[in-house]
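1. All I have is the shape, not the residue letters:
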């Protein structure tokens, strides 16, 4: 299967702990995105990478959040000192943009559901 | 700030009927996407619309875009139970350099026999 994969699929943690999620994009895709989705809402943008460079960050991404994409391949999203308000589904997406006329469609992974107790 | 509004947010329709979901957005946009999400699952790409007057069709779903009105529609023809899901529209702002998607709240569609 060559789709976007995310690990873990579920994470339960206690308030104040740190958590890290991993995303493996579709192999030929040069763009990678992180979104957060809470119940009954659409996904909200968090951050975006083109290759290994982090080019956009949402104001939702507080200083407790950090994302990396070393070598332009997989990405990690770390949340430090988790709070109950961080409970959500964290979605990763990837896209390819290399030619004019590209639709740049973002393909989403299955998500990591975080529960902070 | 780009805002995306969908209506209705909830839609219960009988099998065999037709209906339309509306998506309005607040500023000019380069691209508009429609996604489907089943409960507990991730998002599946349905359509991408790139220009004014664009129309895409797949099975019982047809999407269109009016960039002057900043409006997209997703039309459902002769609904079947398998179409029950939440449908999201999402938009990227115009201009180079921003690729983030801004999503609507979604339309939860239930197709009943």
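-> Received the coordinates, thanks. It should be emphasised that the depicted structure is a prediction, and the values quoted were computed from it without experimental measurement.
2. can you tell me which residues contact the residue most central in space within chain A?
-> Nearest residue to the geometric centre of chain A (CA atoms, centre = their mean): residue A:34, 2.8 Å. Contacts for residue A:34 were tallied using CB atoms under 8 Å, 6 or more residues apart in numbering or on different chains; they are A:23, A:45, A:46, A:47, A:48, A:67, A:75, A:77, A:90, A:91, A:92, A:93. Quick note: C-beta positions are derived from backbone N, CA and C, even for glycine.
3. If you average pLDDT per helix and strand, which one of the chain comes out bottom?
-> No chain in the question, so chain A it is. Least confident helix or strand of chain A, by mean pLDDT, DSSP states H and E, is strand A:53-57 with a mean of 88.
4. that's the other chain; I wanted chain B
-> For chain B, counting by mean pLDDT, DSSP H and E, that's strand B:29-37 with a mean of 92.
5. quick one: is that one near chain A?
-> Yes: contact of strand B:29-37 with chain A (CB under 8 Å from any CB of the partner chain) involves B:31, B:33, B:35.
6. Please report the distance of the last one from residue B:87.
-> Using CB to CB, to the nearest Å, one obtains 7 Å as the distance from residue B:35 to residue B:87.
7. what residues are shared contacts of those two?
-> residue B:46.
8. Can you read off the backbone torsions of residue B:82?
-> Torsion angles at residue B:82 (phi, psi; degrees, to the nearest 10) stand at phi -60, psi -20.
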